[in-house]
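Chemist: From the sequence below, what's the structure:
(chains A and B)
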There are 2 protein chains.
Amino acid sequence: MRGAVIYGAGDVRFEDLPEPEIVAPTDAVVRVAATCVCGSDLWQYRGLTPVPEPTPFGHEYCGVVEAVGSDVSSVKAGQFVIGPFFASDNTCPNCRNGVQTSCLHGQLMSGCQAEYVRVPVADGSLVALPDQPDKESLPDLLTLSDVMGTGWFAAEAAGVVPGMTVAVVGDGAVGLCAVLAAREIGAERIIAMSRHEPRQKLAREFGATDIVTERGDDGVAAIKDMTEGIGADAVLECVGTEQAMQQAIDSARPGAFVGFVGVPHDVSINGEELFAKQVGLRGGPAPVRQFLPSLIESVLDGRINPGKVFDLSLPLEQVAEGYRAMDERRAIKTFLQP
Amino acid sequence: MRGAVIYGAGDVRFEDLPEPEIVAPTDAVVRVAATCVCGSDLWQYRGLTPVPEPTPFGHEYCGVVEAVGSDVSSVKAGQFVIGPFFASDNTCPNCRNGVQTSCLHGQLMSGCQAEYVRVPVADGSLVALPDQPDKESLPDLLTLSDVMGTGWFAAEAAGVVPGMTVAVVGDGAVGLCAVLAAREIGAERIIAMSRHEPRQKLAREFGATDIVTERGDDGVAAIKDMTEGIGADAVLECVGTEQAMQQAIDSARPGAFVGFVGVPHDVSINGEELFAKQVGLRGGPAPVRQFLPSLIESVLDGRINPGKVFDLSLPLEQVAEGYRAMDERRAIKTFLQP
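Modeler: Okay, the predicted model is just below:
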């Protein structure tokens, strides 16, 4: 089969790879129907996270079960499935506590930008659809593997409840999905912080009621102006830089939570400041597995269309161009099909 | 009147001060029945927080209303009242959001280690008892001005619910009160981290089911051993040092919260680590005002005896000795009466 391999900064190649096989009896092999490039992949692509050796890349996927190991009982060959970017058994203490991304027997998926992928702990990880989906809903469904579930977690971690004023820092695919999640949960006012017109447009379509184009202190001042000087009831941090985290903390009202899902890089948080501002923090790699069933329902019902975050669609063999386009901000997110 | 004034590190004097008067129509003046030394006062006493000028000191108090301003309607002269260490109007947006310690019209109390104290925004701040209390319950009631409410907030901020395994970092008065709060909320297992025998004893009396004497990595390892390698469901950080915060974060299971109420000093939190460990943080100066009514009831019903944290009782004029005893760890907390 063929798939994407990252060799280092700016160097993603599409090449021949061994076809994955069932290794453990709890494995499944999935024929990938759609995959994509994640904003977090750009850390390696930009050389900000080292790539020690050539690595099959990509962690988002949906597709058709090709084979299952002898211990797999919840899915079978031929079913269309979505799996989260982090495989989990869904039975260990951490999974039972709702933190599937800390599954004791789980692992981060890799090598999903390929024709086939091996999924460990398949019973816990994969969620099957009732039927084969329409081709048109593939982008929507694929987002549930990561970005839409991650945006949802940002909202949940920040304690969004109906009626709140919510600020979203970051207008990448996750930030946009976070806007959509806040709308679905029932936020009254959703302030998207974005300076890119196409993204602002999509943010509005997803439910943003206000756009703040300023960043840093000016962005914070704008949020304060809109909230009678108090700050937002919940802030969703979807970037991962220290500046974004600072902006998020500063934009939150006392007692609010920042839900942070941007993979942090060199982020140091000042304890005194957090204490004085009385802002809570909760985040991490989103346990998207737990949101899959309800989000699949929302997609199949046509309630949400998170697939709109894909503004570039390419055949998988052009994966390198998919990375370039996102790196150069020509695309929000690249959809890929083998 | 006479009261305590801090001049600098190690220098607390008991001296003549002007008697407080009603300044704003929302003020009350309270004749102090009991006051005490707070662990957080030791930051100044030990020279770790500068004292720019001689300052009337102390922020915990209860006593009898002596006079009220013309706008005060919820309390009247002669009533026995408890006020929180932070005065708040209880009506501003932050107060309505349950964060009285960010009251837009509030302020940190000071000068409470004195015969009389002026209380601003008295309607919001003071809670009156139905009757004059017994002399014996004064220590219990006084803790509600700060430490017991702060311990309660630690438990609430960490999301303690019945059945949880809770770890408490810090065996000062707040840590001990946090143990008591966790018990009252219904934690099943309460692990107190303490290496001082008298404090361990009180922790057990307050509801601790286990004592961990190790600190740092060894302390964390002990907590992990007791929780099948997962970590505690909630961790209450009641110290304020970076080491204590790190110990708290490391002791928490994925998805758990650290409720932090120790006033932080030089605490830097690593964003990557918080993300990877999936541990939430929530803390700040405790909005003890909101816990006052129910905690007063618990004290008057004899359900809780948080006053046991006072192991030294002195006349107010010996306030300097009260500081010395706490600084030298001869006392957990010093109770003072004019």
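
Chemist: rest of the way, CA atoms for contacts and neighbours
Modeler: Will do.

Chemist: which residue packs closest to the closest residue to chain B within the stretch 1-150 of chain A, ignoring adjacent ones?
Modeler: Going by CA to the nearest CA, chain B is nearest to residue A:99 of the stretch 1-150 of chain A, at 6.0 Å. Nearest residue to residue A:99, sequence neighbours excluded (CA to CA, 6 or more residues apart in numbering or on different chains): residue A:287, at 5.6 Å.

Chemist: what's the neighbour count on the one you found?
Modeler: For residue A:287, the neighbour count with other CA atoms under 10 Å in any protein chain shown is 25.

Chemist: Kindly state the beta-bridge partners for residue A:2.
Modeler: Under DSSP bridges, the beta-bridge partners of residue A:2 are residue A:16.

Chemist: and residue A:20, what is it in contact with?
Modeler: By CA atoms under 8 Å, 6 or more residues apart in numbering or on different chains, the contact list for residue A:20 reads A:29, A:116-118.

Chemist: and what of residue A:170?
Modeler: A:176, A:192-194, A:237-239, A:244.

Chemist: I'd like the residues you listed as TSV, with distance to chain B and neighbour count appended.
Modeler: Output for the contacts of residue A:170, formatted as TSV (distance: CA to the nearest CA, whole Å; neighbours: other CA atoms under 10 Å in any protein chain shown):
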residue	distance to chain B	neighbour count
A:176	20	33
A:192	23	28
A:193	21	26
A:194	23	24
A:237	12	32
A:238	12	29
A:239	12	24
A:244	12	21
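
Chemist: Among these, which are located in strands?
Modeler: Those of the contacts of residue A:170 mapping onto strands are A:192-193, A:237, per DSSP state E.

Chemist: Spell out the secondary structure type for the spatially closest residue to residue A:250 that is not a sequence neighbour.
Modeler: Nearest-residue entry for residue A:250: residue A:220, 6.3 Å, with adjacent residues in sequence omitted and distances by CA to CA, 6+ apart. Recorded secondary structure, residue A:220: helix (DSSP: H, G, I helix; E, B strand; the rest coil).

Chemist: With residue A:187 instead?
Modeler: coil.

Chemist: Show me the beta-bridge partners of residue A:128.
Modeler: Bridge pairing for residue A:128 - DSSP bridges - gives residue A:81.

Chemist: Let me see the contact set for the residue of chain A most remote from its centre.
Modeler: The outermost residue of chain A, judged against the average C-alpha position, is residue A:228 (32.0 Å), by CA atoms, centre = their mean. Applying CA under 8 Å, 6+ apart, we find residue A:228 in contact with no residue.

Chemist: per-residue pLDDT, it?
Modeler: With respect to pLDDT, residue A:228 scores 95.

Chemist: Residue A:205 too?
Modeler: At residue A:205, pLDDT is 98.

Chemist: tell me, how many neighbours does residue A:52 end up with?
Modeler: Per other CA under 10 Å, the neighbour tally for residue A:52 reads 8.

Chemist: Give me the distance between it and residue A:8.
Modeler: Using CA to CA, to the nearest Å, we find residue A:52 at a distance of 8 Å from residue A:8.

Chemist: Buried ones in stretch A:315-331, by neighbour count?
Modeler: Buried residues in stretch A:315-331, defined by neighbour count with 16 or more other CA atoms under 10 Å in any protein chain shown: A:316-320, A:322-327, A:331.

Chemist: And for stretch A:264-280?
Modeler: Buried residues in stretch A:264-280, counted by 16+ other CA under 10 Å: A:264-265, A:267-280.

Chemist: near chain B, which residues of chain A?
Modeler: A:93-94, A:97-99, A:102, A:230, A:253-255, A:260-261, A:263-272, A:274-285 (CA under 8 Å from any CA of the partner chain).

Chemist: one step back: the residue nearest to residue A:250: what's it in contact with?
Modeler: Residues counted as contacts of residue A:220 (CA under 8 Å, 6+ apart) are A:247, A:250-251.

Chemist: Quick check: closest non-adjacent residue to residue A:298.
Modeler: Ranked by CA to CA, 6+ apart and with sequence neighbours excluded, the top spatial neighbour of residue A:298 is residue A:304, at 6.0 Å.

Chemist: my guess is the one you found contacts residue A:296, does it?
Modeler: No - judged on CA atoms under 8 Å, residue A:304 makes no contact with residue A:296 at a distance of 9.6 Å.

Chemist: Give me the pLDDT for residue A:95.
Modeler: Listed pLDDT for residue A:95 reads 98.

Chemist: I'd assumed residue A:106 was in contact with it.
Modeler: No - contact criterion CA under 8 Å: residue A:95 and residue A:106 do not qualify, at 9.6 Å.

Chemist: about what we covered before: dump the contacts of residue A:170 into JSON lines; add pLDDT as well.
Modeler: Formatted as JSON lines, the contacts of residue A:170 follow (pLDDT from 0 to 100):
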{"residue": "A:176", "pLDDT": "98"}
{"residue": "A:192", "pLDDT": "98"}
{"residue": "A:193", "pLDDT": "97"}
{"residue": "A:194", "pLDDT": "95"}
{"residue": "A:237", "pLDDT": "98"}
{"residue": "A:238", "pLDDT": "97"}
{"residue": "A:239", "pLDDT": "94"}
{"residue": "A:244", "pLDDT": "96"}
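
Chemist: show me what contacts residue A:89?
Modeler: Residues near residue A:89 by CA under 8 Å, 6+ apart: A:95, A:100, A:103, A:105-106, A:121-125.

Chemist: Identify the farthest-apart pair in these.
Modeler: Among those, the pair separated by the greatest distance (CA to CA) is A:95 and A:122, at 14.1 Å.

Chemist: Report the distance from the lowest-mean-pLDDT helix or strand in chain A to the chain centre.
Modeler: Among the helices and strands of chain A, helix A:41-45 carries the lowest confidence by mean pLDDT, DSSP states H and E, at a mean of 92. Mean-position distance between helix A:41-45 and its chain equals 14 Å (CA atoms, centre = their mean, to the nearest Å).
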